[in-house]
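what shape does this take:
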Amino acid sequence: MAVATSKSRFISGFGFQVLIAMVIGLGLGLLARELGPAKGEAGFALAETLRQIGSIFVQLLRVLVPPLVFTAIVASIANLAELQNAARLVWRTLFWFAVTALIAVLIGIALGLILQPGLHTTVAAAQAQAPKTSGSWLDFLTGLVPANVLGLTASTTVNDAGVAKTSLSFNVLQILVISLITGVAALKAGGENLTPEQAIDLVFGYAVGVDLTRRDLQAAAKAKSHPWEAAKAFDASAPISAIRPISGPPPQGAIFLSVNGVERQRGQIADMIWNVAEVIAQASQLWRLEAGDLIFTGTPEGVGAIVRGDRVEGEVEGVGKLSFTVV
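Modelled structure (predicted):
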């Protein structure tokens, strides 16, 4: 029978695994910093991934720590034999949580002293001011309690008859983004109150676009009868491909979109309810169009949700292709 050595027990121990995870996390963080964590730089995707993992970890701690503390208290008071093992597990969990938090704080202080992040800001030392407020230990402890982790919201609206209606919304992921493939017309000249015949002459070329919508913001706006701009006009909400110069009638081929290799949308440009010229003409009745305007012209059925990590690929035959990964 094999006997576990002290070395093997140490390697498989919870503390050693936590230490290795912290070292790996620190190494990846330094790598992301070296590559450049800003949007458009090589390390942006890695930095965003680490930020999301850290955020999820903190949320899990906020959810799990209060029940663990409560269980430890109950086990200590009751002193039941069948709960002794549970109490021991709770104690070890809390102990390593405290050790992990202490090490993280020490690493943060050390990095701050070494990297001096304040030296790279645009605020001069002479202009720096002390914060108006500062946290206390009580703030730290209350901060451990999760605040609306499940994204529960309630809103009340009153109709014309004076009847109040309250609705509840529930969103575990907090942010739900839907995507839809669409053709994009790029204009070379402007105009207003155009006919379809005039409108088509303004087109410089076409591109492939994906129209994104944040459903959480849209639902909140709907509940309050507010406009939806924030749900449609957030950063990177309308990725498009390179524009292909095309004069004359627009392409009439297939348009389709897939997520993680699974097709979600497919249709024909020729089957659009309103063709490109009619869409542009109608838009010119509402706004004065200008050169450089990009007009998303329509989409087939199959609108669906996407999440971080999804690979989105779209194509309009005769125009081009578009692909991106949600970060």
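
ranges for the strands of this structure?
153-158, 164-169, 177-187, 203-214, 244-245, 254-259, 262-268, 294-296, 304-306, 311-316, 320-325 (DSSP state E).

weakest of the ones you listed in terms of mean pLDDT?
Among the strands of the chain, strand 164-169 carries the lowest mean pLDDT, at a mean of 50.

Ala32: how many residues sit nearby?
21 (other CB atoms under 10 Å). The way it works is simple: take the backbone N, C-alpha and C, and place the C-beta from them, glycine included.

please read the previous query as pertaining to Phe234.
15.

I'd guessed it sits against Thr213; true?
No: Phe234 is beyond contact range of Thr213, at 9.2 Å (criterion: CB atoms under 8 Å).

distance to Trp96 for the strands of the chain - can I get that in TSV?
Output for these, formatted as TSV (distance: least, CB to CB, whole Å):
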stretch	distance to Trp96
strand 153-158	35
strand 164-169	37
strand 177-187	36
strand 203-214	37
strand 244-245	57
strand 254-259	39
strand 262-268	41
strand 294-296	51
strand 304-306	36
strand 311-316	37
strand 320-325	35
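
between those strands, which one is nearest to Gly25?
strand 320-325 (21.8 Å; CB to CB).

pull out the buried residues from the closest one.
Gly320, Leu322 (16 or more other CB atoms under 10 Å).

one more: stretch 208-219?
Neighbour counts using 16+ other CB under 10 Å place Val208, Gly209, Val210, Asp211, Leu212, Thr213, Arg214, Asp216, Leu217, Gln218, Ala219 of stretch 208-219 among the buried residues.

from Ser241, how far off is the third one?
The one in question is Val210. 9 Å (CB to CB, to the nearest Å).

returning to what we had before: the strands of the chain: which one's closest to Leu19?
Closest approach to Leu19 among the strands of the chain is made by strand 320-325 (31.6 Å; CB to CB).

next, the angle strand 254-259 makes with the closest one.
10 degrees (axes from the mean of the first three to the mean of the last three CA atoms, to 10 degrees).

which other helices and strands contact strand 320-325?
Counting by 3 or more CB pairs under 8 Å, 6 or more residues apart in numbering; DSSP states H and E, the packing neighbours recorded for strand 320-325 are strand 203-214, strand 311-316.

bridged to Asp320, which residues?
Actually, residue 320 is Gly. It isn't Asp. Beta-bridge pairing for Gly320 (DSSP bridges): Val316.

try Leu294
Beta-bridge partners of Leu294, as defined by DSSP bridges: Ala186.

avg pLDDT for stretch 27-46?
Mean predicted confidence for stretch 27-46 is 80.

next, the distance between the ends of it.
Chord length of stretch 27-46, first to last residue, is 12 Å (CA to CA, to the nearest Å).

again, but for stretch 262-280
One end of stretch 262-280 to the other measures 32 Å (CA to CA).

look up the closest residue to Pro37, ignoring the ones flanking it.
Ala47 (3.7 Å; CB to CB, 6 or more residues apart in numbering).

same thing with Gly298?
Leaving aside its sequence neighbours, Gly298 sits nearest to Met272 (CB to CB, 6+ apart; 5.0 Å).

between the helices and strands packed on strand 320-325, which gets nearest to Ile20?
With CB to CB as the yardstick, what comes closest out of the helices and strands packed on strand 320-325 is strand 311-316 (30.0 Å).

which residues touch the closest one?
With contact meaning CB atoms under 8 Å, 6 or more residues apart in numbering, strand 311-316 is reached by 179, 181, 183, 206, 208-210, 251, 253-261, 269, 306, 321-326.

one more time with 6 Å, if that's ok
Here strand 311-316 makes contact (CB atoms under 6 Å, 6 or more residues apart in numbering) with 181, 183, 208, 210, 255, 257-260, 321-325.

tell me the buried residues in it?
By 16+ other CB under 10 Å, the buried positions in strand 311-316 come out as Val312, Glu313, Gly314, Glu315, Val316.
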